[in-house]
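J.: I would like the atomic coordinates for the input below:
(one chain, ligands or ions: 1)
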Amino acid sequence: MATVHIPDENRTLYQPDVMKQYLATIGIDYEKWKPAHAVAANAAAEDILAAYAPEIDRLKASEGYVTADVIDVKAQTPGLSEMLAKFSREHTHDDDEVRFIIEGRGLFHINPTNGPVCAIEVEAGDLIRVPSGTLHWFNLCEDRRIRAIRLFKDPAGWSPNYSASGVDESYQPICFGPSYIAPQTVFAQ
Ligand SMILES: [Fe+2]
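T.: Model (predicted):
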């Protein structure tokens, strides 16, 4: 399950409904797709896309996405650091950034127009939609592993437009990790 951390308010949201509701207020769509479809650890991209075809087709129909692919990176991926450096500075895209996480984890920082910066840690089973024009940046977690389905309205629209604000430098890309136990006290807003 994803977590949402709001550093400026020293607040973390763990409860799915609370998190989803908060993200909606800043324009970010979040869904948990379950049950997960059976996909082998080394499944080919075509097999992953076939397994999740019902969910992909639903989003294409409702949101206008026309293509889907699978991104698969791990710590050993050649050029990974250079690739990550492109997206770890604040930027927008002309297309939505849509990711459904199959394996691994990642950290999206969102800098909304109507609230403080928040960090969304996503993991397997999480779908996140960052609308076009939203200021954000992305980091992998310590294990530098992510495999995710991406959806596009126009693949050409998914290049970064940098803000050069430097806001990203004020936030540490810290992941809690899958073994993190949420304090019970934070379940109440
Ligand atoms: Fe991005």
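
J.: make it CA atoms for all contacts and neighbour counts henceforth
T.: Noted.

J.: for Gly115, helix, strand, or coil?
T.: coil (DSSP: H, G, I helix; E, B strand; the rest coil).

J.: could you pull up the residues touching it?
T.: Listed by C-alpha atoms under 8 Å, 6 or more residues apart in numbering, the contact partners of Gly115 are Ile26.

J.: over to it: give its phi and psi.
T.: The phi and psi values for Gly115, taken as degrees, to the nearest 10, are phi -180, psi 180.

J.: can you tell me how far it is from Gly27?
T.: From Gly115 over to Gly27 the distance is 11 Å, taken as C-alpha to C-alpha, to the nearest Å.

J.: could you do Glu142 as well?
T.: Taken as C-alpha to C-alpha, the span from Glu142 to Gly27 is 27 Å.

J.: check Ile149 too.
T.: From Ile149 to Gly27 the distance is 21 Å (C-alpha to C-alpha).

J.: neighbour-wise, which of these two wins?
T.: Set Ile149 next to Gly27 and count neighbours by other C-alpha atoms under 10 Å: Ile149 wins out with 20 against 16.

J.: now that one: closest residue in space that isn't a chain neighbour?
T.: Val70 (4.4 Å; C-alpha to C-alpha, 6 or more residues apart in numbering).

J.: and the one you found, what does it touch?
T.: Residues in contact with Val70 (C-alpha under 8 Å, 6+ apart) are Ala45, Ile48, Leu49, Arg147, Ala148, Ile149, Arg150.

J.: among those, which lie within strands?
T.: Within the contacts of Val70, residues falling in strands by DSSP state E are Arg147, Ala148, Ile149, Arg150.

J.: of the residues you listed, closest to Met19?
T.: Distance to Met19 across those (C-alpha to C-alpha) is lowest for Ala148, with 20.9 Å.
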